[in-house]
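[1] take this sequence and fold it.
(one chain, ligands or ions: 1)
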Amino acid sequence: QISTMSGKALNIGDQFPNFTAETSEGRIDFYDWMQDSWAILFSHPADFTPVCTTELSRVAALIPEFQKRGVKPIALSCDTVESHKGWIEDIKSFGKLSSFDYPIIADDKRELALKFNMLDKDEINAEGIPLTCRAVFVVDDKKKLRLSILYPATTGRNFDEILRVIDSLQLTQTKSVATPADWKQGGKCMVLPTVKAEDVPKLFPDGIETIELPSGKSYLRITPQP
Ligand code: BEZ
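    Numbers count the residues shown, from 1 in each chain. Got it, this is the predicted structure:
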């Protein structure tokens, strides 16, 4: 029986609910599986499809990059464990990978897809049932949702961008900065608008640059990446 009751949409800052699920690596309790790491939970429309194969292969190749950031990847689609295991061999072959080192959740009853609002009503399978979109959820070590992005089935994700956002999330949670358009690790940052002028010397001892603007307001304050 496939339910069509959607869950409540999660917002950034919400506690990401725990769940148990069958995966290509056995049954997991999500929180136990995360341990003290961050997680990226990302869904895809279906196994044995071309764009999805490129995506899961890319994530497998990026495992060292996720590890550097303390982030564990986990994929999800509405297919069975048996299907995932068969498809993993194709992903390894396509990506010239010697191993595939993260689990794929088998949500064949669409329980998590509904709970986390991942279903795409425009993407239906042969039985007319909606498939999962390309959802990305980044959950931090406190089990809080830090990033949520939804892509349609026809657009594969840019995982360099997802790593870039994780870098920004991890930098800005401890430093009084925000990262500007197209920022990359090591690039210039913006002093948070909430930082008072009198606190700048203490927080940014190397100084900051304030850009002059027609409004005369001094909000565009640039600093090297702290
Ligand atoms: C794909 O992964 O290639 C794909 C899956 C579903 C719809 C469109 C493309």
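[2] what's the offset of stretch 105-124 from the middle of its chain?
    With CA atoms, centre = their mean, to the nearest Å as the basis, stretch 105-124 stands 17 Å off its chain's centre.
[3] how about residues contacting it?
    1-10, 17, 19, 21-24, 28, 43, 45, 74-81, 83-84, 129-133, 135, 137, 150, 152-153 (CB atoms under 8 Å, 6 or more residues apart in numbering). Yep, even glycine has a C-beta here, placed from its N, CA and C like the rest.
[4] out of these, which touch the ligand?
    Pro45, Ala153 (CB under 6 Å from any ligand atom).
[5] out of the contacts of stretch 105-124, which are buried?
    Burial by neighbour count, judged by 16 or more other CB atoms under 10 Å, picks out 10, 19, 21-24, 28, 43, 45, 74-79, 81, 83-84, 130-133, 135, 137, 153 from those.
[6] run a quick neighbour tally on His44.
    His44 is flanked by 27 other residues according to other CB atoms under 10 Å.
[7] that one and Thr54 touch, don't they?
    No: between His44 and Thr54 there is no contact under CB atoms under 8 Å: 10.3 Å.
[8] need the nearest residue in space to Val213, chain neighbours excluded.
    Not Val; residue 213 is Leu. Using CB to CB, 6 or more residues apart in numbering and skipping the chain neighbours, the partner closest in space to Leu213 is Leu220 (6.1 Å).
[9] span of stretch 142-161 from start to end?
    Distance across stretch 142-161, first residue to last, is 23 Å (CA to CA, to the nearest Å).
[10] give the buried residues for the worst-scoring helix or strand of the chain on mean pLDDT.
    Sorting the helices and strands of the chain by mean pLDDT, DSSP states H and E puts strand 119-124 at the bottom, at a mean of 88. For strand 119-124, burial by neighbour count (16+ other CB under 10 Å) applies to Leu119, Asp120, Glu123.
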